[in-house]
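K.L.:
Take a look and give me a structure for this.
(one chain, ligands or ions: 1)
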Amino acid sequence: MVFKTRTWLATGVAIMASSAVAFGEMAPGDVKIMDMKVSGSLTGVPGDPAEGRKVFADRKLGNCLACHAVSDQSDQQFHGEVGPELDGVADRWSVDELRAIVVNSKAIFSEQTIMPGFYTLDVGINVRKDLVGKTILTAQQVEDVVAYLATLKE
Ligand code: HEC
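P.N.:
Model prediction:
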């Protein structure tokens, strides 16, 4: 019995340590992708499409424009064309599917996709040391980008 209690305590400590993400946010390792979906918000706070529009274009954040053209951002220069154009993307994918694509594109497309996973620690072995254990976007930035993508309907 003593042994069991100890194991339980150790598990409790491990869970607390891994959720050193902002309060109320899901840690990257706890996000489940099932049937190509991440069901429900990572933060419990609705995404802000206006913020998401900025994250999408910001080279230091999403940098999505580097690979994806979208007419809604025709005010920006240098749209990439490596990835599909995102006009009408919300007609092709549900919100939960869009969240899964942004969280970990490899889980949706393939290991070979060049699209980065923005909220996963599963990014391969050649990660710069200072980036180990970090995600490209925060959970709230993911929610904001997803809210923005959800506005792209035709
Ligand atoms: C380095 C290039 C690259 C970047 C950066 C990138 N993507 Fe992608 N994305 C792709 C490619 C390529 C695909 C197509 C899937 C494949 O073949 O790998 C794709 C597919 C998608 C799709 C599905 C599109 C459809 O019409 O089916 C969505 C949605 C998407 N990306 C959103 C984003 C968002 C949002 C960001 C920024 C947070 C982003 N991507 C950043 C390359 C990129």
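K.L.:
now residue 137, nearest residue through space, not along the chain?
P.N.:
Closest residue to residue 137 apart from its sequence neighbours, by C-beta to C-beta, 6 or more residues apart in numbering: residue 118 at 4.4 Å. From N, CA and C alone the C-beta is placed, and that goes for glycine too.
K.L.:
typo on my end, it should be residue 101
P.N.:
The shortest distance from residue 101 to any non-neighbouring residue, by C-beta to C-beta, 6+ apart, is to residue 108 (5.1 Å).
K.L.:
what about the one you found, distance to residue 115?
P.N.:
Going from residue 108 to residue 115 by C-beta to C-beta, to the nearest Å gives 9 Å.
K.L.:
Next, name the residue at the spatial heart of the protein.
P.N.:
residue 103 (2.8 Å; C-alpha atoms, centre = their mean).
K.L.:
Relative to residue 74, how far out is the nearest residue to it once chain neighbours are set aside?
P.N.:
Spatial nearest neighbour of residue 103, chain neighbours left out: residue 119 (4.4 Å); criterion: C-beta to C-beta, 6+ apart. Counting by C-beta to C-beta, the separation of residue 119 from residue 74 is 28 Å.
K.L.:
picking up where we left off before, surely the residue nearest to residue 103 is in contact with residue 143?
P.N.:
No: in this structure residue 119 lies outside contact range of residue 143 using C-beta atoms under 8 Å: 9.8 Å.
K.L.:
Would you mind listing what in this structure touches the ligand?
P.N.:
Taking C-beta under 6 Å from any ligand atom as the criterion, the neighbours of the ligand within the chain are 56, 62-64, 66-68, 82-84, 86, 89, 92, 98, 101-102, 109, 113-116, 118, 145, 149.
K.L.:
Could you tell me which of those count as buried?
P.N.:
In the residues of the chain next to the ligand, burial by neighbour count holds for 56, 62-64, 67-68, 86, 89, 98, 101-102, 115-116, 118, 145, 149, counting by 16 or more other C-beta atoms under 10 Å.
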